[in-house]
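Colleague: Got a predicted model here, sequence first, then my questions.
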Amino acid sequence: MLPDPLVLFFLLGLVARLLRSDLKVPEALYEALALYLLLAIGLKGGVELASHPLGGLGAKIAGVLALGFATPVVAYAALRGLGRLPVADSASIAGHYGSVSVVTFAVATGWLASRGVAHEPYMALFVALLEVPGILVGIAIARLHAPGRVAWGRLAHEVFLGKGIVLLIGGLAIGWAAGPAQFAPLKPLFADLFKGVLAFFLLEMGLVVASQLGELRRAGLFLPAFALAAPVAFGAAGAWAGTALGFTPGGAAIVATLAASASYIAAPTAMRIAIPEASPALSLTAALGVTFPFNLFVGIPLYHRFAAAAAG
Amino acid sequence: MLPDPLVLFFLLGLVARLLRSDLKVPEALYEALALYLLLAIGLKGGVELASHPLGGLGAKIAGVLALGFATPVVAYAALRGLGRLPVADSASIAGHYGSVSVVTFAVATGWLASRGVAHEPYMALFVALLEVPGILVGIAIARLHAPGRVAWGRLAHEVFLGKGIVLLIGGLAIGWAAGPAQFAPLKPLFADLFKGVLAFFLLEMGLVVASQLGELRRAGLFLPAFALAAPVAFGAAGAWAGTALGFTPGGAAIVATLAASASYIAAPTAMRIAIPEASPALSLTAALGVTFPFNLFVGIPLYHRFAAAAAG
Amino acid sequence: MLPDPLVLFFLLGLVARLLRSDLKVPEALYEALALYLLLAIGLKGGVELASHPLGGLGAKIAGVLALGFATPVVAYAALRGLGRLPVADSASIAGHYGSVSVVTFAVATGWLASRGVAHEPYMALFVALLEVPGILVGIAIARLHAPGRVAWGRLAHEVFLGKGIVLLIGGLAIGWAAGPAQFAPLKPLFADLFKGVLAFFLLEMGLVVASQLGELRRAGLFLPAFALAAPVAFGAAGAWAGTALGFTPGGAAIVATLAASASYIAAPTAMRIAIPEASPALSLTAALGVTFPFNLFVGIPLYHRFAAAAAG
Amino acid sequence: MDTHPRKLLVIIAEAALERELVADAKRLGALGHTVHDVRGGGRHGTRAGDWEADRSIELKVIATEAVAEAIARHVLATYCPDYSVTMFLADAQVLRPEKFP
Amino acid sequence: MDTHPRKLLVIIAEAALERELVADAKRLGALGHTVHDVRGGGRHGTRAGDWEADRSIELKVIATEAVAEAIARHVLATYCPDYSVTMFLADAQVLRPEKFP
Amino acid sequence: MDTHPRKLLVIIAEAALERELVADAKRLGALGHTVHDVRGGGRHGTRAGDWEADRSIELKVIATEAVAEAIARHVLATYCPDYSVTMFLADAQVLRPEKFP
Ligand SMILES: Nc1ncnc2c1ncn2[C@@H]1O[C@H](COP(=O)(O)O)[C@@H](O)[C@H]1O
Ligand SMILES: Nc1ncnc2c1ncn2[C@@H]1O[C@H](COP(=O)(O)O)[C@@H](O)[C@H]1O
Ligand SMILES: Nc1ncnc2c1ncn2[C@@H]1O[C@H](COP(=O)(O)O)[C@@H](O)[C@H]1O
Ligand code: NA
Ligand code: NA
Ligand code: NA
């Protein structure tokens, strides 16, 4: 089977930058597409919510949140224990892996949809929920070891009112309030164009990831190994937890993908403020340079298989 | 009945900024969407013009222009007489209220369309026409009282060749020349996406309005009261005038909305150059901080009721 | 017959700027639309390639490349011999005319499509191919006469890895790999919106061309005459060569258009680095100020007639 | 290296003034100017540059002391009373004095 | 022309610090500030500004020598150890001394 | 406060030169640079930055006098004859001299 064209856009950006092409995406376009994707994901989730029953959502939320608190703790233990990284760096990287990648989520839902695999309509809600715990755990660990002046008020803002959560939750609420009928005139922009915009954004991600690869050479062996092992382990855990929480196989595959993905929008900004002594290059190299492409090419199909296996 | 989703986008932006979220729209995106909206409004109006007869347009133009000259005079009298504001500020605020808000117009047409209320196809023409007189009246009043060096040439440019009028009139002309058949391949961008882009723009407007609300606390009681009373009074006058001029009830509701709305694109720039001694904070607080949201939430349905009542 | 609305958008931009309207397109939007157009042209070509046989493509490529090497040599001879322009300027202008205008290509394909004239599906490939030879010839001529330190490595990058070629070739490859079925979800963005985005871009081109017209007054008579004669001559040569190479009349009209068009994206940057002593104002005045609008209004239909005549 | 003393005049102002300021600088003797968009805050509150009326620019003019001061004086008298404007002068050394006469 | 000596403090830093830096400058006595986005490179590698974590800003504060130095010292102690920051001071002459007390 | 004198070199040039200028500055001893996009006008006419060929940048380098002058001399000889370039030097005081050796 041919690779999904979305992944080819990513490759095009990657190759262009590695060959030192002058291809560049204006910063304002990058920001605009990111806003669009977050809002569109929220809206689509909200519209589907409006026409579906919310059976057992409470337990699922609790279970997925628990997963979101557990993965960064495990990640920290591995980074500190096996990798012997400094506390601050371990905590910061753990925070990135505890949080989620919205683009990976979008590619995964597209991948499932193109294979006819259904999933719960409210998965966008979990993207918003899972942005937070990883970041909190990362900061808490760092501050346990080096108790410093964390401006918790400022941080709560950064974390809970970052554009990711505001647009996802805002979109969910608007989509849910509007319902399918009132959403119809917004569909051409927020639904029909979605896959195309995602393709364009993946082209940009390819450019960004290629710039990050230079750092990879300096990173030694442990970090890349972690960045490959962590998504597989967390994906397996997510598939199992999702199935145990009663998600459909499609939903469990998405929970797995969320657990396996690492943040590069919300977490970097929050971590930079909260754990200044951590090197941002390390976490971005791992999250963006290794885990993100791994999930695109290998991870998503793998987590789907995990979920299928867990479903029995 | 649930609120229109457009209004929810505005609320999302408003709430995000009031909660001090870091959600921000890049300036280039704001400008791009504004260009799009103006051009799309013109084009759609032009295409509909091409397939409709223009019965009695001359009288309607004259009547609506007269309204456009009358409202700022009344506004000035109220601001100066009742509010005891300085001449320059009164003139500048009057200019903003004499001109029109393109976004309010777009929301009103969408609101009417979603309720199946028809209106004349050439209403976009009146948006362009009504951008001008308010600004001219505001400047003239200010200069009557403090005769100063107005660079009338420069100002005429600013007023008649501002991007608003150029894109509205240009779009009308292109749409009219193209007609429905040649417009068809442009429809996916300029018609199908319109409502979605308007939603996105309202999100931005919410952010901008929230930033403006801080000024409101400093503004005293008169200005907010004016910013609530003026649209109702001008909306009633517009509904009556529109009906008297032979507009359909839908058309009269739009004339009312135009009369009731205040400019925050064309007028601020022109006024800043022409009446430098006026405080821009005052006019923007009134026009953007109070009247714009009032029209979104309360005004548009109200003006439609006015028009229905006037039609008897 | 009414003029194509695309051309009216160009006129609107032109007139707005000539009247000194403040209408301005943010730089980031210009760049975003340029990226979109290049990528969309490549993708559409690639998708069509996927479902068509590639009969005799080798000979066509060789023939069209030969044309791409021949036209700048002829242009140089005319500029140097007849116009007595300095070597550097002649070489630089020749390079611009040897390369191609992507927007002119897009307008031409739209023009042919709206008249039901079919053409080979892989014409986007020739746009990418023809970006290069003109630039190489221009640089080679300049360096023959004033052997200087050309950083050929840097230049090869600039020329072969400019965003134009990367996006066209990348788009072709992705479109071809995806095929019509996988392209379907990307169609709303990359195909349905194409004509609208092109219209918007032509509005911007009108603004840019109008800014260039000031230079025209300083340019004397020869340069404008060249900028009118060159496209006609190269268009005729292209129509004849295209027909001789076995293209359909539609394909030959496009080969003619490509030969007749002059670059203002890839060539200016490359020439500025490679032939610094050449005046950029001269080449841009000719290519953008005269040849581009000539092709839009007169050239494209003319080259189609040439191709029809050549086809016999 | 042969350097020549000149003045750098920096004017931070509402974007609406850009055209005027550039024209004034030219009229008063400047042979060039450089502009870029900025955001900021001062006595007139925050100008975040989110939308039209909220934008600011920074204008740089390199010129002789006489020209720079003439422009500064003109801006002070004409725009500072009513507009958000911040202005300062600094010493600069240029290499091609004929470009900044 | 009557000019008054002040200091121009220029701080080039990661965009994530913008809010903090502006608040700190205000707290330490600056009455205004100006910011714009930049890209660049230094000891911490290239910052091309392509995306969130890669953005930099340039912050300008005009103030008295005492205020400018207080801000500079604070930034040096608070941010320079952990963040990409470049900072310099320059002499400036202002026309309205009351704006920069 | 302990400050150390350095030179600030500002180069305003066609955007096409950005890569070259940055590489040259590095080669001649600068440890960093900062760039942003500008528009402007001068002897070569208006550069409004509307599209590719019309863009300009402003490049700032803080360095020792020797390095700054070496870069300035190189730019003067290499680019000024054929390109739109404006350049000036100014005095700057830095706090961490080791960053600008
Ligand atoms: N002390 C300052 N340092 C740097 N920039 C300033 C300063 N004061 C004002 N500005 C800039 O000048 C603009 C107008 O200042 P103001 O008129 O004081 O509100 C502000 O928005 C800032 O961009
Ligand atoms: N010598 C320099 N001249 C101008 N800008 C510099 C210099 N060094 C560093 N910078 C700027 O400061 C930022 C952070 O510097 P650094 O911490 O050295 O990586 C860089 O990304 C540049 O934008
Ligand atoms: N006197 C000046 N002051 C400030 N900027 C200037 C000056 N002269 C030229 N420039 C800038 O340098 C660029 C190139 O200048 P020129 O080569 O004179 O056209 C212009 O587009 C301006 O951005
Ligand atoms: Na995760
Ligand atoms: Na009005
Ligand atoms: Na050509």
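Modeller: Good, I have the coordinates. Values in this document were obtained by computation on a predicted structure and should not be read as measured data. Numbers count the residues shown, from 1 in each chain, chains lettered A, B, ... in the order given. Ligands and ions are numbered 1, 2, ... in the order given.

Colleague: and the helix or strand of chain D with the lowest mean pLDDT, what does it pack onto?
Modeller: Within chain D, no helix or strand scores below strand D:45-47, which has a mean of 90 by mean pLDDT, DSSP states H and E. Counting contacts by 3 or more CB pairs under 8 Å, 6 or more residues apart in numbering or on different chains; DSSP states H and E, strand D:45-47 packs against strand D:33-42. Every C-beta, even on glycine, is put in place using the N, C-alpha and C of the backbone.

Colleague: could you check whether the strand it packs on is close to ligand 1?
Modeller: Yes. Against ligand 1, strand D:33-42 shows contacts by CB under 6 Å from any ligand atom at D:38, D:40-42.

Colleague: And that strand, what does it pack against?
Modeller: Looks like strand D:33-42 contacts helix D:18-27, strand D:45-47, strand D:56-63, strand E:33-42, strand F:33-42, strand F:56-63 (3+ CB pairs under 8 Å, 6+ apart).

Colleague: give me the residue from chain D nearest chain A.
Modeller: Nearest to chain A in chain D, going by CB to the nearest CB, is D:D37, at a distance of 11.8 Å.

Colleague: how close does the nearest residue to that residue once chain neighbours are set aside sit to chain B?
Modeller: Nearest residue to D:D37, sequence neighbours excluded (CB to CB, 6 or more residues apart in numbering or on different chains): D:I57, at 5.9 Å. Distance of D:I57 to chain B, given as CB to the nearest CB, to the nearest Å: 12 Å.

Colleague: Would you state the strands of chain A in chain order?
Modeller: All residues of chain A lie outside strands when identified by DSSP state E.

Colleague: hey, which helix or strand in it has the poorest pLDDT?
Modeller: When each helix and strand of chain A is scored by mean pLDDT, DSSP H and E, helix A:152-160 comes last, with a mean of 76.

Colleague: Can that one be said to contact chain B?
Modeller: Yes. With CB under 8 Å from any CB of the partner chain as the criterion, chain B is reached by helix A:152-160 at A:157-158.

Colleague: Enumerate every residue touching residue 65.
Modeller: Going with chain A. A:129-130, A:133 (CB atoms under 8 Å, 6 or more residues apart in numbering or on different chains).

Colleague: wrong one, chain D
Modeller: D:5-7.

Colleague: Filter those down to just the buried residues.
Modeller: Neighbour-count burial (16 or more other CB atoms under 10 Å in any protein chain shown) applied to the contacts of D:E65 gives D:6-7.

Colleague: Give me the subset of the contacts of D:E65 lying in strands.
Modeller: Those of the contacts of D:E65 lying in strands (DSSP E): D:5-7.

Colleague: List the buried residues for the least confident helix or strand of chain A?
Modeller: Buried, per 16+ other CB under 10 Å, within helix A:152-160: A:155, A:157-160.

Colleague: will you turn those residues into CSV that also has distance to ligand 2?
Modeller: CSV is the format used below for the buried residues of helix A:152-160 (distance: CB to the nearest ligand atom, whole Å):
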residue, distance to ligand 2
A:L155, 24
A:H157, 26
A:E158, 22
A:V159, 26
A:F160, 30
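
Colleague: Tell me the one of those nearest ligand 1?
Modeller: Of all the buried residues of helix A:152-160, ligand 1 sits closest to A:H157, with 23.8 Å by CB to the nearest ligand atom.

Colleague: Can you tell me how far that closest one is from B:D22?
Modeller: Distance from A:H157 to B:D22, counting by CB to CB, to the nearest Å: 8 Å.

Colleague: can you check D:I11 too?
Modeller: 30 Å.

Colleague: of the two, who's got more company?
Modeller: With neighbours defined as other CB atoms under 10 Å in any protein chain shown, D:I11 and B:D22 compare such that D:I11 has more, 23 against 15.

Colleague: hang on, isn't the more buried one packed against D:V75?
Modeller: Yes. If you go by CB atoms under 8 Å, D:I11 and D:V75 touch, sitting 6.1 Å apart.

Colleague: Could you name every residue contacting both of those two?
Modeller: Contact with both D:I11 and D:V75 is made by residues D:21, D:85, D:87, according to CB under 8 Å, 6+ apart.

Colleague: Return the residues in contact with the first one.
Modeller: I take that to be D:L21. Counting by CB under 8 Å, 6+ apart, the residues that D:L21 touches are D:11, D:13, D:59, D:75, D:79.

Colleague: Phi first, then psi, for the residue lying closest to the third one once chain neighbours are set aside.
Modeller: By the measure of CB to CB, 6+ apart, the closest residue to D:L59 outside its immediate chain neighbours is D:I11, 4.5 Å from it. When read as degrees, to the nearest 10, the backbone of D:I11 gives phi -120, psi 120.

Colleague: rank the helices and strands packed on strand D:33-42 by pLDDT, which is bottom?
Modeller: Among those, strand D:45-47 carries the lowest mean pLDDT, a mean of 90.

Colleague: Check whether it comes near ligand 1.
Modeller: Yes. Strand D:45-47 comes into contact with ligand 1 (CB under 6 Å from any ligand atom), by way of D:R47.

Colleague: ok so, going back, to C:L202, which of the helices and strands packed on strand D:33-42 lies closest?
Modeller: strand F:33-42 (22.9 Å; CB to CB).

Colleague: Neighbouring strands - and their directions - for the closest one?
Modeller: strand D:33-42 (antiparallel), strand E:33-42 (antiparallel), strand F:45-47 (antiparallel), strand F:56-63 (antiparallel) (DSSP bridges).

Colleague: quick one, which of these is packed in tightest?
Modeller: Among the strands paired with strand F:33-42, strand F:56-63 has the highest mean neighbour count (mean count of other CB atoms under 10 Å in any protein chain shown), at a mean of 24.

Colleague: Let me know the angle separating it from helix F:18-27.
Modeller: In terms of direction (axes from the mean of the first three to the mean of the last three CA atoms, to 10 degrees), strand F:56-63 departs from helix F:18-27 by 10 degrees.

Colleague: What lies in contact with strand F:56-63?
Modeller: Outside strand F:56-63, the residues that touch it by CB under 8 Å, 6+ apart are D:34, D:36, E:86, E:88, F:6-15, F:17-18, F:21-22, F:25, F:29-40, F:47, F:49, F:67-68, F:71, F:84, F:92, F:94, F:100.

Colleague: Name the next helix or strand following it along the chain.
Modeller: helix F:65-78 (DSSP states H and E).

Colleague: what's the neighbour count on A:P180?
Modeller: The local packing of A:P180 (other CB under 10 Å) involves 12 other residues.

Colleague: now do A:A177
Modeller: A:A177 has 17 neighbouring residues, counting by other CB under 10 Å.

Colleague: Quick check, it in contact with B:V7.
Modeller: No. Using CB under 8 Å, A:A177 is not in contact with B:V7, being 10.2 Å away.

Colleague: and the gap between the nearest residue to A:M205 once chain neighbours are set aside and chain C?
Modeller: Excluding the flanking residues, the one nearest A:M205 by CB to CB, 6+ apart is A:F10, at 5.9 Å. As judged by CB to the nearest CB, A:F10 and chain C stand 10 Å apart.
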